[in-house]
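# just coords:
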């Protein structure tokens, strides 16, 4: 099962690995995310993931970087890495491939087939619960458009376990969450994210139903002929036209690079966000560097401060940079 977990998480980060391709069984090739591979040729890809005994490892034949899959996943996305670690340990094998292995009972459980219409058949959308419902105040307070595809699930753990058996081993502390479905270009649900109303941790829980689809929110309403704005959180993406969310701090999506405008959270003291912006600039993405008069952390907070979507879109358009100018603006932003 450890190999299944490794391959699953390699596929989850694959959309952020340029020129990603499966070459053969247990051999994948892509441009090195550590050194960036060749600066002269965008077609060269000298990073390889390969199988060694019962684990996957990474090796770049340009910079010489060699590591295990756990470190590669962590380098690409720390949040996905946290999920990887939990699942790897759950399977009884250390994430590094070293140490003991504890055999778990083996169950022959087929991959669930989800009835797309039935996933939310027993819960109500926020359109249906009515303004008198206590949870509706959250939508109003955050000014989240309530005509979107958003649902109230009163017992999130229990409801999820009905879809993904034993996803939550215990129902202790079960609580309500606002649930936003992730739909592919055909409108089919492949994941959903539950957002806590109170102080429950973690604030966001994303459940993957089909790991063959990149974890991107908004694919069902995406126009690839226009500029594509990419943010971290699904809620933020609801306020901006043609905006998708990647549900993590790394906003790079190579397949949309030519049209992409990366819109990071406005947190110049967040080292992870700064690091991701630097990588994006080095890879020649267009990036928004927020001006010093914008103090709000994200788009939803800007809406709450009194800005409207058109004003925010104008700020984004006037503060989108690329290449050297992006590097200059980033240095200014880091000092705010």
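Good, I have the coordinates. Every value quoted in this text rests on a predicted model; they were computed, and no experiment measured them.

# which secondary structure element contains the residue nearest to residue 74 when sequence neighbours are not counted?
When the adjacent residues along the chain are set aside, residue 74 lies closest to residue 81, with 4.0 Å between them (Cβ to Cβ, 6 or more residues apart in numbering). No exception for glycine: its C-beta is placed from N, CA and C like everyone else's. When secondary structure is defined by DSSP states H and E, residue 81 falls within helix 78-90.

# how near is residue 195 to residue 261?
In this structure, residue 195 and residue 261 are separated by 25 Å, where distance is defined by Cβ to Cβ, to the nearest Å.

# go on, residue 300?
For residue 300, the distance to residue 261 equals 18 Å [Cβ to Cβ].

# Contacts only, for the residue nearest to residue 74.
Residue 81 makes contact with 70, 73-74, according to Cβ atoms under 8 Å, 6 or more residues apart in numbering.

# go on, residue 23?
With contact taken as Cβ under 8 Å, 6+ apart, residue 23 is in contact with 29, 48.

# would you say it is within a strand?
Yes: residue state for residue 23 (DSSP: H, G, I helix; E, B strand; the rest coil) corresponds to a strand.

# Show the model's pLDDT score for it.
Per-residue confidence at residue 23 stands at 88 (pLDDT).

# Check residue 104 too.
At residue 104, the pLDDT value in this model is 40.

# again, but for residue 184
Reading off the confidence values, residue 184 has pLDDT 91.

# The nearest residue to residue 63 once chain neighbours are set aside - how many residues pack around it?
Closest residue to residue 63 apart from its sequence neighbours, by Cβ to Cβ, 6+ apart: residue 35 at 3.7 Å. Applying the criterion other Cβ atoms under 10 Å, we find 15 residues in the vicinity of residue 35.

# which one of residue 300 and residue 261 has more residues nearby?
More crowded of residue 300 and residue 261, by other Cβ under 10 Å: residue 261, with 22 against 19.

# Give me the packing partners of the one helix or strand the more buried one maps to, helices and strands only.
When secondary structure is defined using DSSP H and E, the element that contains residue 261 is strand 260-262. Strand 260-262 makes packing contacts with strand 228-231, strand 286-288 when contacts are defined by 3 or more Cβ pairs under 8 Å, 6 or more residues apart in numbering; DSSP states H and E.

# Export those as JSON lines, with columns for mean neighbour count.
What follows is the helices and strands packed on strand 260-262, written out as JSON lines (neighbours: other Cβ atoms under 10 Å):
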{"stretch": "strand 228-231", "mean neighbour count": "25"}
{"stretch": "strand 286-288", "mean neighbour count": "24"}
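
# Dump those strands into a markdown table; add distance to residue 135 as well.
Putting those into a markdown table (distance: least, Cβ to Cβ, whole Å) gives the following:
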| stretch | distance to residue 135 |
| --- | --- |
| strand 228-231 | 24 |
| strand 286-288 | 32 |
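
# From residue 250, how far out is the residue nearest to residue 74?
If you measure residue 81 against residue 250 using Cβ to Cβ, the figure is 11 Å.

# any residues in contact with both of the two?
If you check residue 81 and residue 250 against Cβ under 8 Å, 6+ apart, no residue is contacted by both.

# Can you verify my assumption that residue 22 contacts residue 28?
Yes: in this structure, residue 22 sits in contact with residue 28. The criterion is Cβ atoms under 8 Å, and the distance is 5.3 Å.

# Between the two, which has more neighbouring residues?
Ranked by neighbour count (other Cβ under 10 Å), residue 22 and residue 28 place residue 28 first, with 21 against 15.

# give me every residue that touches residue 8.
Contacts for residue 8 (Cβ under 8 Å, 6+ apart) come out as 87, 211.

# any idea how far it is from residue 14?
Between residue 8 and residue 14 the computed distance is 11 Å (Cβ to Cβ).

# Near the nearest residue to residue 154 once chain neighbours are set aside, how many other residues are there?
The shortest distance from residue 154 to any residue other than its chain neighbours is 4.8 Å, reached at residue 176 (Cβ to Cβ, 6+ apart). When counting by other Cβ under 10 Å, one arrives at 18 neighbours for residue 176.

# Read off the pLDDT value for residue 176.
According to the per-residue confidence, residue 176 scores 95 in pLDDT.

# do residue 229 as well
Looking at residue 229, its pLDDT is 98.

# Quick check, it in contact with residue 238.
No: contact criterion Cβ under 8 Å: residue 229 and residue 238 do not qualify, at 11.8 Å.

# and the next element down the chain from the worst-scoring helix or strand of the chain on mean pLDDT?
The helix or strand of the chain with the lowest confidence, counting by mean pLDDT, DSSP states H and E, is helix 78-90 at a mean of 82. Next along the chain after helix 78-90, taking DSSP H and E as the criterion, comes strand 124-125.

# Pairing partners for that next one, with directions?
Using DSSP bridges, the strands paired with strand 124-125 are strand 151-153 (antiparallel).

# Thank you, goodbye.
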